[in-house]
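# sequence first, predicted coordinates after that:
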Amino acid sequence: MTKTFLILITFIALATATASKAVAADLYYNNNLSIGAKGGVSLSKVNFQSSVPQKMITGAIFGASVRYIEEKHFGLIAELNFEQRGWNEDFEPLEGYSFKRQFTYIQLPLLTHIYFGNEKARVFFNAGPEIGLMIGDKTTSNFDYSHAADIEDFITNYRQTEQFSLPVKRKFDYGISASLGMELSLSSKHALNLEGRFYYGLSDIFSNRKSDPFQGSSSMSIMVTLGYIIRIK
């Protein structure tokens, strides 16, 4: 259901962009090109099938962007970002155990940019595909997770623990991003923007054969970033 919803969002964004271009085709508008940088916080988890009790893990996201405004209310954005994703294991009702596994990705989102407002303040909606490459895999734990079955009164009797030490199968990732935000102009060439973005991965991190512990292991993250935009044309 979530995948279908995100795909529909992308199609709606593309359809809206096409309609916007058609309306603006007869209007004079100066195209502009901007570059930017941003940074913020990522909250993420892994959608395991079968389910793994977990909490969202906090990570960092930062990167750079190029934005081309082709018509009034419509543009395109390409970004290059670094993001930390993963999951934070939930051990309730047990206490005293901690396990976090964090992956670092290079992201390349290609987004349709639709905005409304004036030269001083705008609201915007971005949506489109994203690809990524895992460049880091870090595990933080306060117990020997590679021998979890040997720990007395541990959780192995009623839940899976294979995820603690599963090797990464697919470092290449792809999915869909959608976001809402606002932009405030500081001058004719400089602006700040605040954006909240949702990403849903369509590729599994771990092997998903019938004989494997999990039939699905895709990423999901919520990102909140503050960006600085400079118009260069």
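Noted; the coordinates are in hand.

# for the residue positioned nearest the centre of the chain, helix, strand, or coil?
Nearest to the mean C-alpha position of the chain, by Cα atoms, centre = their mean, lies Y199 at 3.6 Å. Assigned by DSSP: H, G, I helix; E, B strand; the rest coil, the conformation of Y199 is strand.

# please renumber the chain so that the first residue is 92 from this point on.
Taking 92 as the first residue, the last one we looked at is Y290.

# measure it to S309 for me?
Y290 sits 10 Å away from S309, going by Cβ to Cβ, to the nearest Å. The way it works is simple: take the backbone N, C-alpha and C, and place the C-beta from them, glycine included.

# between the two, which contacts overlap?
Each of G266 lies in contact with both Y290 and S309 under the rule Cβ atoms under 8 Å, 6 or more residues apart in numbering.

# surely the residue nearest to the centre of the chain and E221 touch.
Yes - in this structure Y290 lies within contact range of E221 using Cβ atoms under 8 Å: 6.4 Å.

# now do the shared contacts for the two.
In contact with both Y290 and E221: 266-268, using Cβ under 8 Å, 6+ apart.

# compare these and tell me which has the most neighbours.
The residue in those with the most neighbours, by other Cβ atoms under 10 Å, is S268 (23 neighbours).

# tell me, what's the model's pLDDT at it?
Note on S268: pLDDT of 97.

# mind checking the SS state of it?
Look at S268: counting by three-state DSSP, its state is strand.

# now do the same contact list for the closest residue to I148 other than its chain neighbours.
Residue nearest to I148 in three dimensions, not counting chain neighbours: N179, with 4.2 Å by Cβ to Cβ, 6 or more residues apart in numbering. Residues counted as contacts of N179 (Cβ under 8 Å, 6+ apart) are 136, 145-148, 190-191.

# that older thread, closest to F215 out of the shared contacts of Y290 and E221?
S268 (13.4 Å; Cβ to Cβ).

# output the contacting helices and strands for the helix or strand encompassing I160.
Using DSSP states H and E, I160 sits in strand 148-162. Secondary-structure packing of strand 148-162 (3 or more Cβ pairs under 8 Å, 6 or more residues apart in numbering; DSSP states H and E): helix 93-115, strand 123-140, strand 165-180, strand 190-208, strand 307-322.

# as PDB, could you dump the C-alpha coordinates of that strand?
This file holds the C-alpha atoms of strand 148-162, laid out as PDB (Å, rounded to 0.1, in the frame of the first residue of the first chain):
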ATOM      1  CA  ILE A 148      17.600   5.600  14.400                       C
ATOM      2  CA  THR A 149      18.800   9.200  14.200                       C
ATOM      3  CA  GLY A 150      21.400  10.100  11.600                       C
ATOM      4  CA  ALA A 151      22.800  13.000   9.700                       C
ATOM      5  CA  ILE A 152      22.100  14.100   6.200                       C
ATOM      6  CA  PHE A 153      24.000  16.800   4.200                       C
ATOM      7  CA  GLY A 154      24.600  17.600   0.600                       C
ATOM      8  CA  ALA A 155      24.500  19.900  -2.400                       C
ATOM      9  CA  SER A 156      21.900  20.600  -5.100                       C
ATOM     10  CA  VAL A 157      21.400  22.200  -8.500                       C
ATOM     11  CA  ARG A 158      18.000  23.600  -9.300                       C
ATOM     12  CA  TYR A 159      16.700  24.800 -12.700                       C
ATOM     13  CA  ILE A 160      13.500  26.800 -12.800                       C
ATOM     14  CA  GLU A 161      12.200  26.400 -16.300                       C
ATOM     15  CA  GLU A 162       8.700  27.900 -16.100                       C
END
